[in-house]
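Q: Here is a sequence with its predicted model. Questions after.
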Amino acid sequence: MSAAIEAASAGVKVLVIDANEKAGGQLFKQIHKFFGSSMHRAGVRGIDIGRELLEKCEELGVEIWLDSLAIGIYDNLRVAVDRKTGFNEHKMILVEPKKIVIATGASENAVRFPGWTLPGVMGAGAAQTMINFHRVLPGKKVLTIGSGNVGLIVSYQLMQAGAEIEGIVEALPKINGYAVHASKLTREGIPIYTGYTVLEAHGKERVSEAVIAKVNPDWSTIPGTEKTIEVDTIAIAAGLKPLTGLAHMAGCQLTFDRFLGGWAPIHNEHMETTVPGIYIAGDSTGVEEANTAIEEGKLAGTAIAASLGYLDEKEADALQEAAWERLKGLREGAHGAERTQAKEHQLHAYAEYMERRGEVG
Amino acid sequence: MSLSASGVLTTEYLKEIGKYPSEERMKQGPVAVCECVEKIPCNPCESSCPFHAITIGENISELPCVTWGKCTGCGSCIPACSGLAVFVLNKSYSDEVGSVAFPYEYNYTFQVGDVVGAADRSGKRVCDGVIKRIVNTKKADRTTVVTLEVPIAFVDEVRSIYRERRS
């Protein structure tokens, strides 16, 4: 959305393709107030930021195809789109843009344990979509696996929606997410089991109990520490990984970084991947958060506008510099150093790759 | 257990790092405490303060610093904090009771005057309290600010309304 807004405000004709029924990605289920700089919408709830972005797109005449799937990128930037054309109708359409921005986000990691396929065991993101987007409570007694920010925030929102959190299980000896998110839960009496993992889930029609146990430093479980917790839902928040399918198919080079969620396309400082004309932004090039995704989108959008001649270089440079400055600020603090390093690594990898390719070609 | 293992902050720790107002200050009037001890790139508390009593500075990952002398305990910062980590404490109006104002984002049925259980940072019921104020402003954007009156000895510990666990 943010790339679309930047490009469209410079005069570029933009088409957004989204597989969901609403554009804006995860923002519409993020009902909490965001961290960040008060100069840039900190303290505003994600849903309201999403609404703002959507309105801006509308205002700028950005075309949006919803419930439509970009199924592949082929040579010369041709994109095959399974476009929704009616209530129950789809049509395959070939779109031939001058530039492409891939902003496909990330997908949730699974944790496998006996019983993980029982109804009621789901990704925390799925639970969040159910309560905040579809307004359906997945269950009343929830066990959350994982104490990263997603696990903590979704647990909090499940409580706001009327569920009881029976516990949060974290295999590491410490809480992974921000302490303030954890404190919101602990003061409501929610137990956080650090150093525990889920062993198995039981149930007939759906999950009815979960067995957790303490873990050794080598991740083996300690016999005799098992605890059975009565639940009807298990929400798994074990991290995210970039959705790289489209980029990979288009031939974009990827690198692996565990701090960014795994494999992700490398890019230059304009967010352009190793395939000229294909840009990338947000979680699809490394799992971070909404604010960084918005800034990366701005980088891609302004770079595209400049390269198509809609923005003069000076203006584009100034916009890019400002976005990088904000990104730097967002990547500071307790959890930022590793991400900063990983993002720098992506830029280096891009430079190296292009140099190598230049030598060969 | 440490904060990172339990998620529970302690008054002692806040005092140790100089982020807790003195007894003397709390006796003079209401005062804000930012229970924010981990570097997060976030600064809405700073700009929310009409008296410029909260400072973070240019690097938005720095911890907020409350200038106790400038703070009037107005509570503008409570709903401004995205981490729901700001409280206003008051030990100034009685020798027996004091008050704690905190953010609250759950559905509620309590009303001013109700007696409710008061929970500490670990969710434990430590005493009873009386709801003194319930404030919902447009600016607070759906974050309710509740002021709870508790025995003065518990002002440093009470941070929410006790939640009856159904299981």
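A: Here it is on my side, so go on.

Q: Output the below-cut-off pLDDT ranges for chain B.
A: Along chain B, segments meeting pLDDT under 70 span B:166-167.

Q: Find the closest residue to chain A in it.
A: Residue nearest to chain A within chain B: B:G123 (2.7 Å; Cβ to the nearest Cβ). All C-beta atoms are positioned from the backbone trio N, CA, C, and that covers glycine.

Q: For B:T137, which non-adjacent residue is closest in space?
A: Beyond its immediate neighbours in the sequence, the residue positioned closest to B:T137 (Cβ to Cβ, 6 or more residues apart in numbering or on different chains) is B:P79, lying 7.5 Å away.

Q: Name the residues that touch whatever helix or strand the one you found lives in?
A: Assigned by DSSP states H and E, B:P79 falls within helix B:77-80. Helix B:77-80 has contacts (Cβ atoms under 8 Å, 6 or more residues apart in numbering or on different chains) with A:43, B:32, B:34, B:44-45, B:47-49, B:54, B:86-88, B:101-103, B:137, B:139-141, B:143, B:145.

Q: hmm, 6 Å instead?
A: Here helix B:77-80 makes contact (Cβ atoms under 6 Å, 6 or more residues apart in numbering or on different chains) with A:43, B:32, B:44-45, B:48-49, B:86, B:103, B:140, B:143, B:145.

Q: Could you check how far that helix is from the centre of its chain?
A: On the basis of Cα atoms, centre = their mean, to the nearest Å, helix B:77-80 sits 9 Å off its chain's mean C-alpha point.

Q: same for the following helix or strand past that helix, what does it pack against?
A: Towards the C-terminus, the helix or strand next in line after helix B:77-80, according to DSSP H and E, is strand B:86-90. If you count contacts as 3 or more Cβ pairs under 6 Å, 6 or more residues apart in numbering or on different chains; DSSP states H and E, strand B:86-90 packs onto strand B:31-34, strand B:97-104.

Q: now with 10 Å?
A: Applying 3 or more Cβ pairs under 10 Å, 6 or more residues apart in numbering or on different chains; DSSP states H and E, we find strand B:86-90 packed against helix B:23-28, strand B:31-34, helix B:77-80, strand B:97-104, strand B:144-151.

Q: hey, where'd the strands end up in chain B?
A: Applying DSSP state E to chain B gives strands spanning B:31-34, B:54-55, B:65-66, B:86-90, B:97-104, B:115-119, B:125-135, B:144-151, B:160-161.

Q: Can you add mean neighbour count and give these back as a markdown table?
A: As requested, the strands of chain B are exported to a markdown table (neighbours: other Cβ atoms under 10 Å in any protein chain shown):
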| stretch | mean neighbour count |
| --- | --- |
| strand B:31-34 | 24 |
| strand B:54-55 | 20 |
| strand B:65-66 | 18 |
| strand B:86-90 | 23 |
| strand B:97-104 | 23 |
| strand B:115-119 | 18 |
| strand B:125-135 | 17 |
| strand B:144-151 | 21 |
| strand B:160-161 | 24 |
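
Q: The ones you listed: which one's closest to A:N88?
A: Distance to A:N88, taken as Cβ to Cβ, is lowest for strand B:144-151 among the strands of chain B, at 43.5 Å.

Q: Give the partner strands of the closest one in its sheet and their orientations.
A: Sheet pairing for strand B:144-151, assigned by DSSP bridges, gives strand B:97-104 (antiparallel), strand B:125-135 (antiparallel).

Q: Quick check: which of the ones you listed is nearest to A:P223?
A: Closest of the strands paired with strand B:144-151 to A:P223 is strand B:125-135, at 34.5 Å (criterion: Cβ to Cβ).

Q: what's the closest one in contact with?
A: Strand B:125-135 has contacts (Cβ atoms under 10 Å, 6 or more residues apart in numbering or on different chains) with A:189, B:75, B:78-79, B:90, B:97, B:99-101, B:104, B:108, B:110-120, B:143-151, B:153-154, B:157-159, B:161-164.

Q: now the stretch 251-361 of chain A, which segments are flagged as low pLDDT?
A: Applying pLDDT under 70 to the stretch 251-361 of chain A flags the ranges A:333-334, A:361.

Q: One more pass at 90, please.
A: Filtered on pLDDT under 90, the stretch 251-361 of chain A yields the residue ranges A:329-330, A:332-336, A:358-361.

Q: mind checking the SS state of the closest residue to chain B within the stretch 51-200 of chain A?
A: Nearest to chain B in the stretch 51-200 of chain A, going by Cβ to the nearest Cβ, is A:G189, at a distance of 2.7 Å. Of the three states, A:G189 takes coil under DSSP: H, G, I helix; E, B strand; the rest coil.

Q: To what extent is it buried, counted in neighbours?
A: Neighbour count for A:G189, taken as other Cβ atoms under 10 Å in any protein chain shown: 19.

Q: Show me the strands in the stretch 201-350 of chain A, by range?
A: For the stretch 201-350 of chain A, the strands defined by DSSP state E, counting those that start in this stretch cover A:207-214, A:227-230, A:233-236, A:240-242, A:254-257, A:262-265, A:278-280.

Q: Just the residues contacting the second one, thanks.
A: Under the criterion Cβ under 10 Å, 6+ apart, residues A:141, A:143, A:166-167, A:169, A:191, A:193, A:196, A:198-200, A:202, A:208-214, B:167 lie in contact with strand A:227-230.
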